[in-house]
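> here are the coordinates; sequence isn't available:
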Ligand SMILES: O=C(O)C[C@H]1C=CC(=O)O1
């Protein structure tokens, strides 16, 4: 199943820079693992924002929740999920 996911990152300004850098490095490694596994086929930055639009390809709502809730930045994100269905006019 495909899902469009909008993530907005809001790291508290009170978080020490070293902790923020550590969490971002963990996030990068985790996201690249899911990309390599094919669960996260698209990751796009929103221009001018600390936010992204992503497409996840996972087997169920539960699998998506599992993947998202393990993001190291999850406690500092606002996430919106849109399930995607095949468009009848799509040629792919
Ligand atoms: O930077 C972001 O948009 C948040 C998050 C998503 C992947 C990653 O490495 O960080």
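Noted; the coordinates are in hand. What you see is a predicted model, and the numbers here were worked out from it, not measured in a lab. Numbers count the residues shown, from 1 in each chain.
> Residue 5 belongs to a strand?
Yes. Counting by DSSP: H, G, I helix; E, B strand; the rest coil, one finds residue 5 located in a strand.
> That one is in contact with residue 54, isn't it?
Yes. Residue 5 is within contact range of residue 54, at 4.6 Å (criterion: C-beta atoms under 8 Å). The way it works is simple: take the backbone N, C-alpha and C, and place the C-beta from them, glycine included.
> can stretch 46-62 be found next to the ligand?
Yes. Contact of stretch 46-62 with the ligand (C-beta under 6 Å from any ligand atom) involves residue 52.
> That stretch - what's its average pLDDT?
Stretch 46-62 comes out with an average pLDDT of 98.
> buried stuff in that stretch?
51-52, 54, 56-58 (16 or more other C-beta atoms under 10 Å).
> How about stretch 37-48?
Buried residues in stretch 37-48, counted by 16+ other C-beta under 10 Å: 39-40, 43.
> This completes my enquiry, with thanks.
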